[in-house]
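K.L.:
pasting the structure only:
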């Protein structure tokens, strides 16, 4: 995606239309830009899941999403300017900055945003069970 022109990027517009991403905002994660920076960074790095998909589009900077594979081992995903990721509801994950300590990201949502994170263990939620079922089906 064209992060320099995200406001007019036709590809982003089409993704938002096709996926029904009706809500968006922009967050900057940097010690000078994010209130309660140290606390927020620790919270982002706690292993957790959400009951809705988490969609992030990197506009500037870089960082890492760590996700669990089917064997519960960590996979690190490097994210940089122009990258978009969708973490499915129910997947355990965490986020951290890289050595640049800066990222500006668009957060996208279907409908109104719900920011609730459920720290591990959170295995009793239907979203977690649906995700595990999806993993099992993909393994076959």
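P.N.:
Cool, the structure landed. Everything numeric here is computed off the predicted structure, so don't read it as measured data.

K.L.:
lowest confidence element among the helices and strands of this structure?
P.N.:
Counting by mean pLDDT, DSSP states H and E, the chain has its least confident helix or strand at helix 126-139, which shows a mean of 93.

K.L.:
what comes up buried for stretch 62-75?
P.N.:
Using 16 or more other C-beta atoms under 10 Å as the test for burial, stretch 62-75 gives 62, 63, 65, 67, 68. Every C-beta, even on glycine, is put in place using the N, C-alpha and C of the backbone.

K.L.:
Neighbouring strands of the longest strand seen in the chain in the sheet, and parallel or not?
P.N.:
Looking across the chain with DSSP state E, the single longest strand is strand 54-68. Its sheet considered, strand 54-68 pairs with strand 74-80 (antiparallel), strand 84-87 (antiparallel), strand 93-97 (antiparallel), strand 103-109 (antiparallel) by DSSP bridges.

K.L.:
what does the second one contact?
P.N.:
Applying C-beta atoms under 8 Å, 6 or more residues apart in numbering, the set of residues contacting strand 84-87 from outside is 1, 15, 50, 53-58, 65, 67, 77, 79, 93.
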